[in-house]
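Asker: got a predicted model here, sequence first, then my questions.
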Amino acid sequence: MIMLFPIRYPFLRQAYKHVIGFVYLFVWQQLFFLLYFWNRTFNLESWSTFNSLWHALPLHLSTACYLTALYLPFFFTFSKWKDNEVWQGLWKGLSAIVITLTTIIFCVDIVVYEEMGIKLHYKILFHLQNPVEVITSVSTKTWLIGIMCISVFSHWFYRRFQKRTFESLYKNETRSLAPFNWLRNSLEIILLIGLLFLGIRGGWRPIPINESNVYYSSKQVLNDAAVNPSWTLMHSYLNNKQAGDKNPYQFMDDKTASQIIDTFYTPNQYDSCSTLFSVHKPNIAILILEGWSANVVASCGGDAGLTSNFDALSKEGMLFTQAYCSGHTSDQGIPAILSGFPAQPITTILSNNSKYPHLPCLNRDLKPLGYHSSFLFGGQLTYGNIKSYLYYEGFDEVKEQDNFDAPSELVGKLGIHDKYMFKAWGNQLAKEQQPFLSVLFTASTHSPFDGKYIRRVNGGGDEHEYINSIYYADSCLGAFFNWAKLQPWYSNTIFIIVADHGHHSPREHDYACVSHYQIPLLICGGGLNKKYAGSIHGQVVSQTDIAHTILHAANISSATYRWSKSLLNPKEAFAFFDFYEGYGWVDGNGALVWNKLAGEKYTTDTYNAGAIKEKAQLKSRAHLQDVFAKYLSY
């Protein structure tokens, strides 16, 4: 295989050798991880355990390409400096440093995993500020194994690595960079840089590689084994570099902010969520509508004639006409719905494998009651690291595009269209063990809107294509519910229909406008108490309130859902949302939008001057500060 790039292409050949060498190192490290934690890994199915080695290769390859890029200056200056002893020493020194450093990271990862059960991430490094505490907290056995691995393994691999890369270069690569070769050399350099870039980002895929690409098992230890520790340490650092460890939204002292939050998230003693269900332990089906804005839903005050099926269904359930999303992307909306955790302005909690394990989740709280769980999506759940979050939260079945055999005419660039996915969800619900928690996340209403459906409106631009996709998705929703109502499990099922976030519409609301974040929210189904059928609720609510409402109705404590409140009788009715470097606050008295990039000013303020306005400003600032402080503490 080494002859993949012949001698006449030395740059590509040497890069290839380095990449393969580093992948070889990472595979050995991963095998050691599996063996070290053999009592957790090998009591599972053996084929699933060793599948971890195969699934880990994309992240190993990405990390190897990162490291190989460090050698580019040496590749390009080989002919001129190959006989210089200082230059040779620098090359060898780089290899020694890189191999030793990755081995140290690997050993520290094992220590962290043994002590804390999580992968190494950037925040762990701050514990090194107290080295005595670190040393005394780690067992002697672990220290001895770590020192042995770092010294013996690094030395052994360094010798092999140098033999296959540096020494073979002197033995085989003798071509000089003569002037007449400049064109070929330049083209080879450009090609090499391009190939390394593709390797780093995981190929041509629309979404760059992340931890979700190697998640494959319902057993978290096998997923953790497949995550390259060097990659995830670097990734966690880059994701948190902007936020740092200092809250950029510090408006008051943390104790004051926390006390303010406690005042309006304290449960209302008159909360009537306990009467929501008509049956004991109903099935719970959550339909997350990709990018549905209230602006296109007539029953929520939007344009008429686009969502007739949703509007008809709202007459059978509980419709919330003043519901708001928490953020502006799916990887913010999904944890807001399932974990009741608000979005953050400059980062997302799902992108940090060290942080989202601290979140509560509906699935975890319903499991003790015997609920079986599933999550279906017609696209790739690697987006925003959603898949790793779902696996960690213990969903029994997680299905994405590769798990379905959809006909080509129903598959777009982003994934499988709603017509097929609603049928797939129906098949899933029909075979589910009851009671169940099942989630369908749709995709057709996301750009590039390439479904083959009837055009509701003509005209150019994404806004008109978005309108057509909404019309199509609503027809799929209607067909699904016409079928579902005839099924035996429907009478025991509660449906929560909610959007993950808003979207631009022909009304042209910009991203910092309150209306941009207004979404549809409907609770319906045979398991809903008949007294709520056809009811319209105009109080301001948030998608983060869904978790508390479901748990309270099921007589389960929602104490760990700090930022979730009742949809029906909240102590205070309000919604909080944020966007990049800004936030919004809506309640029954008005709305605020604060934008840091606009000079830390309120770009929207519909309150009348006075105490009510000052109180809203104080609450909204306390909310942002408290959420981000908790994010940093995780």
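Answerer: Received the coordinates, thanks.

Asker: when you work out contacts or count neighbours from here on, use the C-alpha atoms and nothing else.
Answerer: Will do.

Asker: so what pLDDT did Ile20 get?
Answerer: pLDDT recorded at Ile20 is 84.

Asker: distance-wise, check it relative to Ser258.
Answerer: 51 Å (C-alpha to C-alpha, to the nearest Å).

Asker: between these two, who's got more neighbours?
Answerer: Of the pair Ile20 and Ser258, Ile20 is the one with more neighbours under other C-alpha atoms under 10 Å, namely 19 against 16.

Asker: now the helix or strand hosting the more buried one, how far from the chain's geometric center?
Answerer: In the assignment (DSSP states H and E), Ile20 maps to helix 10-36. Distance of helix 10-36 from the chain centroid (C-alpha atoms, centre = their mean, to the nearest Å) equals 28 Å.

Asker: next secondary structure after that helix?
Answerer: helix 38-41.

Asker: quick one: whichever helix or strand comes after that following helix to helix 10-36, angle?
Answerer: Toward the C-terminus, helix 38-41 is succeeded by helix 46-55 as the next helix or strand (DSSP H and E). Angle of helix 46-55 versus helix 10-36, following axes from the mean of the first three to the mean of the last three C-alpha atoms, to 10 degrees, is 150 degrees.

Asker: may I have helix 46-55 exported as PDB, CA atoms only?
Answerer: The C-alpha atoms that make up helix 46-55 are tabulated as PDB, following Å, rounded to 0.1, in the frame of the first residue of the first chain:
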ATOM      1  CA  SER A  46     -17.700  -9.100  21.200                       C
ATOM      2  CA  TRP A  47     -18.500  -8.100  17.700                       C
ATOM      3  CA  SER A  48     -19.900  -4.800  19.000                       C
ATOM      4  CA  THR A  49     -16.800  -4.200  21.100                       C
ATOM      5  CA  PHE A  50     -14.400  -4.600  18.200                       C
ATOM      6  CA  ASN A  51     -16.700  -2.700  15.900                       C
ATOM      7  CA  SER A  52     -15.400   0.300  17.900                       C
ATOM      8  CA  LEU A  53     -12.100   0.000  16.100                       C
ATOM      9  CA  TRP A  54     -13.800   0.300  12.700                       C
ATOM     10  CA  HIS A  55     -16.100   3.200  13.600                       C
END
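
Asker: and that helix, average pLDDT?
Answerer: 79.

Asker: just stretch 576-596 next, same as before
Answerer: The pLDDT scores in stretch 576-596 average 90.

Asker: isn't Tyr27 right up against Leu53?
Answerer: Not quite, residue 27 is Val, not Tyr. Yes: counting by C-alpha atoms under 8 Å, Val27 touches Leu53, with 6.9 Å between them.

Asker: which of the two has more residues huddled nearby?
Answerer: Leu53 (21 against 18).

Asker: contacts only, for the more buried one.
Answerer: Under the criterion of C-alpha atoms under 8 Å, 6 or more residues apart in numbering, the contact list for Leu53 reads 27, 30-31, 226.

Asker: now do it against Ser217, distance only.
Answerer: 12 Å.

Asker: now do Phe26
Answerer: In terms of C-alpha to C-alpha, Phe26 sits 20 Å off from Ser217.

Asker: which of these two has more neighbours?
Answerer: Shown here are Phe26 and Ser217; by other C-alpha under 10 Å, Phe26 has more neighbours (26 against 20).

Asker: got the contact list for the more buried one?
Answerer: Here Phe26 is in contact with 60, 228 (criterion: C-alpha under 8 Å, 6+ apart).

Asker: what about 10 Å?
Answerer: Residues counted as contacts of Phe26 (C-alpha atoms under 10 Å, 6 or more residues apart in numbering) are 20, 32, 53, 56-57, 59-61, 63-64, 102-103, 106, 228-230.

Asker: please apply the same query to Trp585.
Answerer: By C-alpha under 10 Å, 6+ apart, Trp585 lies in contact with 324, 514, 574-578, 591-594, 604-605, 616-617, 619-621, 623.

Asker: quick one: the helices in the stretch 501-634 of the chain, in order.
Answerer: 545-553, 611-633 (DSSP state H, counting those that start in this stretch).

Asker: over to the stretch 101-250 of the chain?
Answerer: 131-137, 140-148, 154-164, 166-172, 182-201, 220-226, 229-241.

Asker: Ile497: which element?
Answerer: strand 493-499.

Asker: can you list the strands that that strand pairs with?
Answerer: strand 283-289 (parallel), strand 518-524 (antiparallel) (DSSP bridges).

Asker: let me know the angle separating it from helix 545-553.
Answerer: Going by the same axes, to 10 degrees, strand 493-499 makes 160 degrees with helix 545-553.

Asker: how far is strand 493-499 from where the chain is centred?
Answerer: The chain centroid and the centroid of strand 493-499 are separated by 21 Å, computed with C-alpha atoms, centre = their mean.

Asker: return the residues in contact with the residue lying closest to Gly502 once chain neighbours are set aside.
Answerer: Nearest non-adjacent residue to Gly502, counting by C-alpha to C-alpha, 6 or more residues apart in numbering: Ser293, 4.5 Å away. By C-alpha under 10 Å, 6+ apart, the contact list for Ser293 reads 300, 302, 324-325, 470, 498-505, 515-520.

Asker: just the pLDDT at Ser293, thanks.
Answerer: Reported pLDDT for Ser293: 94.

Asker: ok, now Phe33?
Answerer: At Phe33, pLDDT is 88.
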